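Participant: Sharing a model prediction with you, sequence too.
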Amino acid sequence: VDNLYLKAEYSSDNYEQDVKYSNTLPTNPITYGLNYEINDAVSISGYQTPNLDFGLQIDLSYNPLSDSAGDYYEKAPEPFYSHPIPFEKNDFSYWEKLKKNLKDQEIQLIAYSSNKNEVIIVIENYHYASYAQAIGRSLRILSKFIPSNKKNFKIILSEVGIPISQFTFNRDEISSIIDAPNAELLSRKIVAFETAPKIVSESIVESKYPNVSFSTSPYYRLHLFDPDNPVYYDLGIDASVYIQLKPGLILNGKIEKSLLSTFDNIYRGAKGKLPNVRTNIAKYLNELDTRITNLTVSSYFKYTKNLYGRISYGYLEEMYAGISNEILYAPTNSKVNFGAEINYVKPRDFDQLLSFRTVPGLSKINGHISAYWDMNYYNYLSQIDVGKYMAGDIGSTITLKRQFANGTTIGGFFTITDASAEEFGEGSFDKGFFLKLPINSIVPYQTRSSIYELVRPIQGDGGARVNVAGRLHDVVNGFSSSQIQNGWSRIWR
């Protein structure tokens, strides 16, 4: 059997020094085992010890420099057609065929338009880990159906219903380089890349609204590095709803129910001298019954070509509800972005349903101005946020992270405010680290799913911000020129 390995280990130890410590010493010097390698990232092993104990283990290996574990279960891409399928002059039925072919390639056509010499399509990519791969597959399908007199293909990438980045190619130039051994590199030379316009004028909208999706799945939560216990776990099932009411307007919610958990044993409580805006989190984590994790309505939009806006309202996170308003200036070809956010929050009750409670001293109005810098050095990105936190303290948070081409992200942060170490309590100031692992790197198909863990060893009240899903820089940054080019090698995959 390929990739199956049988193992045997002989031990010369006679255990003379262990007799006084144990009555169950090994009687057989040989240990047996077998190992099956599913792929380069996953293997399963079993073993039998001299005392006839049996064991089973799963090994996961991970390389953040690898862009994929292999696309064995992916559909093959279309060829690039030098001559498209012919249609009659006034026969525009090719748009329906194009939409169906894009859907077969896991790409959603949002809108399209056409003029004398150019075709524009707006797409959203929920499948490919690399946006460049979605661009390449879209170009192939355009070449199959779009009449040859349309020389320019313009592809606009959108997210949450707003256009973000656009790429313009000349189809004849693509035809001349597509079969070259370095076609990926040459295609970077012929593409015009810029920020997408605020509105794609005279376009035909293809997506149907409201667009509703439901999902249910098992979940896990970890509470790590508590000084009293290094690992608490919570396993259960959740149900989510995502409704795009119209482009940019999204209703999103999730409920959870714990099935197997040690979170009810977490007991570390309030500390320090600041308002208890976070240190009573144990009372939220202790709740194992059905609870509303979040339930929000969010509006995403553009003020101008490069200026984005977001408003989120509802139950923002497990501890707080309220309204969050944000703006972000983010040209796609710029290494530096600027943003600002202001929030009004109310503390939720411990049962995490619909009711509220009061927190004395809570700064209900809080917010920050932010700067983001793509350092152009080994994919490092830095961020600084300056403003007022929920406990009323004023200061700044500095974040540094490295984002690999396959989406793996490793980073850390710390916050210094005008709250003293004595006021903060144990830990002196807020800090932590985070890790994001894309599933795409260990499975033989494309997916945008990932595992994310944030570790904050000692939770305090100083430097506390409300957690808002879908902040603008998290949405937009993946479409910047540097991030797209990091995955450009996959454009013709």
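Facilitator: Sure, I can see it. Numbers count the residues shown, from 1 in each chain.
Participant: Just the helices from the stretch 201-350 of the chain, written as ranges.
Facilitator: 281-285 (DSSP state H, counting those that start in this stretch).
Participant: so where's it shaky on pLDDT?
Facilitator: Applying pLDDT under 70 to the stretch 201-350 of the chain picks out no residues at all.
Participant: And the strands in it?
Facilitator: 204-205, 211-226, 229-246, 249-261, 291-302, 307-315, 320-329, 336-347 (DSSP state E, counting those that start in this stretch).
Participant: Distance check, the closest residue to residue 283 other than its chain neighbours against residue 255.
Facilitator: Nearest residue to residue 283, sequence neighbours excluded (Cβ to Cβ, 6 or more residues apart in numbering): residue 350, at 4.6 Å. Quick note: C-beta positions are derived from backbone N, CA and C, even for glycine. Taking Cβ to Cβ, to the nearest Å as the measure, residue 350 falls 16 Å from residue 255.
Participant: what's the neighbour count on the residue nearest to residue 283?
Facilitator: Other residues near residue 350 come to 18 when the count uses other Cβ atoms under 10 Å.
Participant: Who are the contact partners of it?
Facilitator: With contact taken as Cβ atoms under 8 Å, 6 or more residues apart in numbering, residue 350 is in contact with 283, 284, 286, 287, 357.
Participant: so the last one makes contact with residue 321?
Facilitator: It refers to residue 357. No: the criterion here is Cβ atoms under 8 Å, and residue 357 misses it with residue 321 at 11.0 Å.
Participant: PyMOL command for the buried members of the contacts of residue 350?
Facilitator: A single PyMOL command is used to select the members of the contacts of residue 350 judged buried by 16 or more other Cβ atoms under 10 Å:
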select buried, resi 284+287
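Participant: out of the contacts of residue 350, which one sits closest to residue 212?
Facilitator: Using Cβ to Cβ, the shortest approach to residue 212 within the contacts of residue 350 belongs to residue 287, at 28.4 Å.
Participant: From residue 319, how far off is the closest one?
Facilitator: Applying Cβ to Cβ, the value for residue 287 to residue 319 is 11 Å.
Participant: neighbours around the residue nearest to residue 228 when sequence neighbours are not counted, how many?
Facilitator: The shortest distance from residue 228 to any non-neighbouring residue, by Cβ to Cβ, 6+ apart, is to residue 268 (6.4 Å). For residue 268, the count of nearby residues is 17 (other Cβ under 10 Å).
Participant: you'd agree residue 268 is up against residue 285?
Facilitator: No: with contacts defined as Cβ under 8 Å, residue 268 does not count as touching residue 285, sitting 10.1 Å away.
Participant: Quick one, grab the pLDDT at residue 79.
Facilitator: Listed pLDDT for residue 79 reads 95.
Participant: and it, what does it touch?
Facilitator: By Cβ under 8 Å, 6+ apart, the neighbours of residue 79 are residue 140.
Participant: how about it, secondary structure?
Facilitator: coil (DSSP: H, G, I helix; E, B strand; the rest coil).
Participant: Distance from the chain centre to the helix ranked longest in the chain, please.
Facilitator: Counting by DSSP state H, the longest helix found in the chain is helix 131-145. Relative to the centre of its chain, helix 131-145 is centred 23 Å away, using Cα atoms, centre = their mean, to the nearest Å.
Participant: Specify the local secondary structure of residue 95.
Facilitator: helix.
Participant: Nearest residue to residue 56 in space, please, no chain neighbours.
Facilitator: With sequence-adjacent residues excluded and distances taken as Cβ to Cβ, 6+ apart, residue 56 is closest to residue 46, at 5.1 Å.
Participant: hmm, I was thinking of residue 125
Facilitator: Closest residue to residue 125 apart from its sequence neighbours, by Cβ to Cβ, 6+ apart: residue 134 at 3.9 Å.
Participant: My understanding was that the one you found contacts residue 140; is that so?
Facilitator: No: Residue 134 is beyond contact range of residue 140, at 11.1 Å (criterion: Cβ under 8 Å).
Participant: the more surrounded of the two?
Facilitator: Legend: neighbour count by other Cβ under 10 Å for residue 134 and residue 140, higher for residue 134 (27 against 19).
Participant: How about the contacts made by the more buried one?
Facilitator: Taking Cβ under 8 Å, 6+ apart, we find residue 134 in contact with 107, 123, 125, 127, 128, 157.
Participant: The fifth one: what secondary structure?
Facilitator: What that stands for is residue 128. Taking three-state DSSP, the label given to residue 128 is coil.
Participant: mind checking how far it is from residue 138?
Facilitator: Taking Cβ to Cβ, one finds residue 128 at 10 Å from residue 138.
Participant: likewise the fourth one?
Facilitator: Here the distance between residue 127 and residue 138 works out to 12 Å (Cβ to Cβ).
Participant: Next: the first one.
Facilitator: Remark: distance between residue 107 and residue 138 (Cβ to Cβ) = 6 Å.
Participant: so what's in contact with those two at the same time?
Facilitator: residue 123.
Participant: Now do the helices for the stretch 51-200 of the chain: every range, in order, please.
Facilitator: Going by DSSP H, counting those that start in this stretch, the stretch 51-200 of the chain shows helices at 94-104, 131-145, 171-177, 183-190.
Participant: ok, back up a step: run the angle between the longest helix of the chain and helix 183-190 for me.
Facilitator: Here the directions of helix 131-145 and helix 183-190 differ by 80 degrees (axes from the mean of the first three to the mean of the last three Cα atoms, to 10 degrees).
Participant: Give me the average confidence score over helix 131-145.
Facilitator: Mean pLDDT, computed over helix 131-145, is 97.
Participant: Pull out the buried residues from it.
Facilitator: 131-145.
Participant: With stretch 271-282 instead?
Facilitator: 271, 272, 274, 275, 276, 277, 278, 279, 280, 281, 282.
Participant: Distance of residue 213 relative to residue 159?
Facilitator: Per Cβ to Cβ, residue 213 is found 15 Å from residue 159.
Participant: For these two, indicate the residue with more neighbours.
Facilitator: residue 159 (19 against 10).
Participant: Please tell me I have it right and the more buried one contacts residue 472.
Facilitator: No: applying Cβ under 8 Å as the test, residue 159 and residue 472 come out as separate, 10.4 Å apart.
Participant: And residue 70, what's its pLDDT?
Facilitator: 69.
Participant: Oh, that last question was meant for residue 49, not what I typed.
Facilitator: 77.
Participant: contacting residues around it?
Facilitator: Contacts for residue 49 (Cβ under 8 Å, 6+ apart) come out as 26, 31, 55.
Participant: Which helix or strand contains the first one?
Facilitator: Assigned by DSSP states H and E, residue 26 falls within no helix or strand.
Participant: Could I get the phi/psi values of it?
Facilitator: Residue 26 adopts backbone torsions of phi -60, psi 140, taken as degrees, to the nearest 10.
Participant: and it, how many neighbours does it have?
Facilitator: Other residues close to residue 26 by other Cβ under 10 Å number 18.
Participant: can you list residues touching both of residue 357 and residue 321?
Facilitator: With Cβ under 8 Å, 6+ apart as the test, residue 357 and residue 321 both reach residue 348.
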